[in-house]
Each structure stands twice: as C-alpha cells, then as structure tokens.
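Enquirer: Structure for the following, please:
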Amino acid sequence: MLLRVLGTAAGGGLPQWNCACPGCAGARAHPHRRRRHASLAVCADQGRAAHDQDRAYDKRLGHDRGRWYLVNVTPDIGDQIEETPELRPGPGPRQSPVAGVILTDAELDHTLGIARLREADGFEIHATAPVREALLDRLRLGDTLDPYTHLEWRELSPEAQPRPQPLGTSGTVEIAAVPVSAKRPRYAVATGPDEPTWVIALRLREAATGRSLLYAPALGHWSDDFQEAVEEADCVILDGTFWDDDEPVRAKISAKTATGMGHLPIAGPNGTARRLAGVRARCLYTHLNNTNPLVDPGAPQHELLGRWGLEVAADRMVIEL
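Expert: Numbers count the residues shown, from 1 in each chain. This next block holds a predicted model:
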C-alpha cells in the first residue's frame, strides 16, 4: 500500500496568515519549517490502470500510476497536488488519477478543498452520515457544486466491529471507520443528540498483505475500539495538535485546554505518547498547531519523542506498507 503525506499542519497551516507567534515567525524566517494543512493520499488501485488511455501512458513510463484517494481535502489541495507527481493530471488534458475523497470529519480545514475539485466530471466522497448532512445542509455543498460536477456520496458506517469497504475498482485497499469524537464543527449548530461519528479514525488495509494504516488527525477520545485498532495497525498517524493539555490556554489562543478543544495532547499523564510508546506499529504525529513546539525542528521535544520511538510526520513523506 502506497501513501503520500500531503500536509501535517492544523487549521490555518504553518505559518497562519494572521499569526505572529514564535512558530509562525519561525516558519516565515525558515521556509523549510512550513507545513500545509493535514491530509493524506492513498493509492487504491496500485498495479493496474483504470482506463485504456492510462494503461498506454503507464506502459510508456514503465509503471502504473493507479487511482488515488485524498483523505481530507484542505484549502491547500491545489498546491498539494502539484507537489505530488503521482497526483498530477495527464496524459489527457483533463485526465486525473484522483478518483475520490475520504473525510474523517466535517471541519472546514478538512473539507474546503472539495470546492477546488469542481472542475472534475465527478468523484466519490466517503463520509459518515453526520458529516455528509453537515456539508449538504449547513454548507450547502451539493447545491453549490451541482452545476459544476457530480458528487457520488458513499457512507462510512462505523460499528463496534467496523466492516471494511473496498476502495476503488480493484478492491486492493479496504477502509473502515472507528469513532473517536462527537465534536461537531462550529457551523453545524446542534439540532439533535450528539453523534459519536462526527469524527472518525480511518483504517486503511491492503487486502493482499493485510498491512494496515490507522489515520486519526483529530482524536478526542481514546476508546477501547481505538486501542484495538492501534494494536492491529502496522503504521499509526495521529493527532499531534498540541504538545500538552495547557498549551492553548498558555498560548492565549483559547480558554479551553487541548482536551476541551477535542484534541488529546501528546505529553502528560494522559498524553497519547505514553499509550503509543509500547505498540509495535510505526507511530507518527500530524496536524501540528502553530503553537506546538514540535514545529521547530530544533526543539528538545523531538529528542523526547525519539526516546519513546515516536516520530513527527513530514509534508511530502512517502509511506509504503
């Protein structure tokens, strides 16, 4: 299974346009520290092309590009595609390897990029029922994009034992959802009971090898189901928004703690690092906020993570399982 890390920053990116905090100032002064919004791309039909024209093109290149799915679509999606050779269009003038989208939640920084895909003839969107309803009823995404493109919605139905669903036409990759938070985006005003499927962790599994990835850029609750998914995964990429629980209050960006904002912190007695230190999977953090000291490559927190056997994901990183 082939994956591309398209971005690793929390909402606003790094640097954030209206922020002069040390993290943003450092990214402006040192461009290599810049991070695009957190997103991932997965190749669903690796080893086979979806169209005859693709097959002829790939034969000339000596490889098969496959069909790619974007896990969350950020405001940076245009630049992220251009920075990723496998996602660029061709050989036809409007022929793209991007086949669809998978959403882990309905937050703006994970969904605004959908409008940037309106030039496509159509594409799939895999999402839970609350996320789909928020995008259609609150953001009016369907009404807005109907004149431009066709959106084919496919529901992700998290259960106690998530059922894998084939991704793409060959079924080489399967996806499943694990609920991790009932936090809804601010624009989705509460009109009923909280749904535990507002935010999910995405499980990607290659059917032939059984190798799997668990992707959870927002993690508000570490449930028994999530623990089981972590133990079964070969690679885990999860929420690294804040280093510690008091960071948002200390940085004066919120009156709430990290946990209160729906993000389990990395460090501390209830931090995710302690839970991950003993698992067999390769574990990386993503969705870093601009206040997180980890946005500075020279911060001592990197050494501490290294002692625990943990990493920070990098933009444009390639992961092959």
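Enquirer: show me where this protein has strands.
Expert: 2-7, 39-43, 68-71, 98-102, 122-127, 150-155, 165-167, 173-181, 199-206, 212-216, 235-239, 282-286, 311-312, 318-320 (DSSP state E).
Enquirer: what about the third one, average pLDDT?
Expert: In this model, strand 68-71 carries a mean pLDDT of 97.
Enquirer: Please state the offset of it from the chain centre?
Expert: Put simply, strand 68-71 sits 9 Å off its chain's centre (Cα atoms, centre = their mean, to the nearest Å).
Enquirer: Check which helices and strands that strand sits against.
Expert: The contact analysis (3 or more Cβ pairs under 8 Å, 6 or more residues apart in numbering; DSSP states H and E) places strand 68-71 against strand 39-43, strand 98-102. The way it works is simple: take the backbone N, C-alpha and C, and place the C-beta from them, glycine included.
Enquirer: and the ones you listed, which is most packed in?
Expert: For these, the largest average neighbour count (mean count of other Cβ atoms under 10 Å) is found in strand 39-43, namely a mean of 25.
Enquirer: what lines up beside that one in the sheet?
Expert: As defined by DSSP bridges, the strand partners of strand 39-43 come to strand 2-7 (antiparallel), strand 68-71 (antiparallel).
Enquirer: out of those strands, which comes closest to Cys283?
Expert: Judged by Cβ to Cβ, the one of these that comes nearest to Cys283 is strand 2-7, at 13.8 Å.
Enquirer: Report the angle between the closest one and strand 199-206.
Expert: 150 degrees (axes from the mean of the first three to the mean of the last three Cα atoms, to 10 degrees).
Enquirer: before we move on, back to that, now tabulate the helices and strands packed on strand 68-71 in CSV and tack on mean pLDDT and distance to Ala218.
Expert: CSV is the format used below for the helices and strands packed on strand 68-71 (pLDDT from 0 to 100; distance: least, Cβ to Cβ, whole Å):
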stretch, mean pLDDT, distance to Ala218
strand 39-43, 97, 13
strand 98-102, 97, 14
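Enquirer: could these be laid out in JSON lines, adding distance to Glu82?
Expert: Below are the helices and strands packed on strand 68-71 laid out as JSON lines (distance: least, Cβ to Cβ, whole Å):
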{"stretch": "strand 39-43", "distance to Glu82": "13"}
{"stretch": "strand 98-102", "distance to Glu82": "12"}
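Enquirer: Indicate which one of these is closest to Ala207.
Expert: strand 39-43 (13.3 Å).
Enquirer: contact partners of the closest one?
Expert: Counting by Cβ atoms under 8 Å, 6 or more residues apart in numbering, strand 39-43 makes contact with 1-7, 66-74, 76-77, 80, 84, 86-87, 110, 113, 167, 173, 204, 213, 215, 237, all of which sit outside it.
Enquirer: rewinding a little: is it possible to get JSON lines of the strands paired with strand 39-43 that adds distance to Ala38?
Expert: Formatted as JSON lines, the strands paired with strand 39-43 follow (distance: least, Cβ to Cβ, whole Å):
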{"stretch": "strand 2-7", "distance to Ala38": "5"}
{"stretch": "strand 68-71", "distance to Ala38": "9"}
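Enquirer: Can I get those in TSV including distance to Glu231 and mean neighbour count?
Expert: Formatted as TSV, the strands paired with strand 39-43 follow (distance: least, Cβ to Cβ, whole Å; neighbours: other Cβ atoms under 10 Å):
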stretch	distance to Glu231	mean neighbour count
strand 2-7	20	24
strand 68-71	21	25
